[in-house]
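**Student:** This is a predicted model, with the sequence first.
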Protein chains: 2
Amino acid sequence: MKSADKHNKIIRAATKVFAKKGFFNARISDIAKEAKVADGTIYLYFNNKYDMLLSVFEEKIGRLVEQINGQLEKEEDPRRMLEIFIVNHLREMKKNKNLAEVIQIELRQTNKIIRDFRNNKFSEYLNIIATIIMLGQEKGVFRKDILPGIAKRAIFGAMDEIARIWNINMDSKYKIEDTELQVIRIFLVGVLQNRETSQ
Amino acid sequence: MKSADKHNKIIRAATKVFAKKGFFNARISDIAKEAKVADGTIYLYFNNKYDMLLSVFEEKIGRLVEQINGQLEKEEDPRRMLEIFIVNHLREMKKNKNLAEVIQIELRQTNKIIRDFRNNKFSEYLNIIATIIMLGQEKGVFRKDILPGIAKRAIFGAMDEIARIWNINMDSKYKIEDTELQVIRIFLVGVLQNRETSQ
DNA sequence: AAATAAGGAATGAACATTCATTCATTTTTA
DNA sequence: TAAAAATGAATGAATGTTCATTCCTTATTT
């Protein structure tokens, strides 16, 4: 029986191996070994190597989307919502280094043309940030002169770069709580001491 | 004659090919063809494929560092300095898509262990941001509760993600000037409408 | 003429994918 | 109910291709 169980086992193994070696240096045989499965078995569950990466990516991001949506639905204050998003993302990346790495890989390795074609879950994820910002603008909490489409990328990019470093230096210089606070502060109030300076 | 000229020609070709195909899909023969040079010739100038990527990366970032330092030395106001850095980086990435792409590749593909070991020019580049922030804090222009080591990554990461999108969609949704202004605004004053909310 | 640079064909290792075969499980037959 | 047949998941060795790198040859420089 072609079990969903085995599918999962392979996904988990692939995540681990992709994260450790990167997509191109990951061998199918590595993944097979990690999943305790024969090389050929993998092709009963996935079309090819790239299909695996995409599956891993979509599944993991999908989880993130559900998780964050769950956390946000109780909240009304856009300011708090943004904080929750930031804290959740950073904690998740810190906890799950493999996930952070796979995001980095999928977003930047492999073929550009195929790339954003199937990344729907990822767009969905980023758009949560944009939605929060628009909500805040409607409620008059956030500045109206911020473009949500740019802000969402700035915020995600900032966190992604921070997570990238976590995956290089195992010893994080800063505590996770401090990092969260910093990111929240930077995006909420900026680096400026006084406000009159903005144009 | 083993000319510096040929070295440059190869670097330029490599940048182009790496940017177009990514490191792993770039063939030495592609680079050789692009540089109008024989495959073997490349090995007179570089030890191996990865050495080429690293050379390309270091050289390009080195240029960026010089360029931005030149622009900053006339400036005293940290606020303006940060603006200059942001504008310069974004314009450079927009103008030179290959450079943006190579940064993405080198930072995330290839081997993690070797990775940050030789990335000195890149650290130098990021530290310019940190220096600006510290200067601003000394001068009382920037908030003292911002950690420069985190802010520099947030700012770079934000711009890098924006540049990533430029390399995927050829049609940028926003004008470059608007994007610059947005990034500056987000980092200087944040998204919040009122200030009393920060902790 | 010697030394150095460049050329590019040849090499061989690496690796994704395939596919003939096995074998445990389920279904059918008697 | 037991034996026989069918199924299809799993295996992993074999295949064939794809390059990075080498190294012998040719061209150029001094």
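**Tutor:** Sure thing, it's come through.

**Student:** Pop the domain breakdown of chain A in here.
**Tutor:** For chain A, automatic domain parsing gives the domain ranges A:1-46, A:53-189.

**Student:** now the first one: mean pLDDT?
**Tutor:** For domain A:1-46, the mean per-residue pLDDT is 88.

**Student:** Indicate whether that domain makes contact with chain B.
**Tutor:** Yes: using Cβ under 8 Å from any Cβ of the partner chain, domain A:1-46 reaches chain B at A:22, A:23, A:24, A:25. No exception for glycine: its C-beta is placed from N, CA and C like everyone else's.

**Student:** For chain A, just list every one of the strands.
**Tutor:** For chain A, strands defined by DSSP state E do not occur.

**Student:** how much space between the nearest residue to residue A:81 once chain neighbours are set aside and residue B:191?
**Tutor:** The shortest distance from residue A:81 to any non-neighbouring residue, by Cβ to Cβ, 6 or more residues apart in numbering or on different chains, is to residue A:132 (4.7 Å). Counting by Cβ to Cβ, to the nearest Å, the gap from residue A:132 to residue B:191 is 10 Å.

**Student:** list residues touching both of those two?
**Tutor:** residue A:82 (Cβ atoms under 8 Å, 6 or more residues apart in numbering or on different chains).

**Student:** rewinding a little: I'd guessed the residue nearest to residue A:81 sits against residue A:78; true?
**Tutor:** Yes: under the criterion of Cβ atoms under 8 Å, residue A:132 makes contact with residue A:78 at 5.5 Å.

**Student:** and these two? which has more neighbours close in?
**Tutor:** residue A:132 (26 against 22; other Cβ atoms under 10 Å in any protein chain shown).

**Student:** Pick out the most distant pair among the residues of domain A:1-46 next to chain B.
**Tutor:** Greatest spatial distance among the residues of domain A:1-46 next to chain B (Cβ to Cβ): A:23 and A:25, at 7.5 Å.

**Student:** Give me the more crowded residue out of those two.
**Tutor:** More crowded of residue A:23 and residue A:25, by other Cβ under 10 Å: residue A:23, with 23 against 14.

**Student:** and that one, what is it in contact with?
**Tutor:** Applying Cβ under 8 Å, 6+ apart, the residues near residue A:23 are A:49, A:50, A:53, A:105, A:106, A:109, A:110, B:24.

**Student:** Distance check, the fourth one against residue B:163.
**Tutor:** Distance check for residue A:105 against residue B:163: by Cβ to Cβ, it reads 18 Å.

**Student:** quick one: the helices in chain A?
**Tutor:** For chain A, applying DSSP state H gives helices covering A:4-21, A:28-35, A:39-45, A:49-72, A:78-95, A:97-108, A:112-118, A:120-138, A:148-168, A:176-189.
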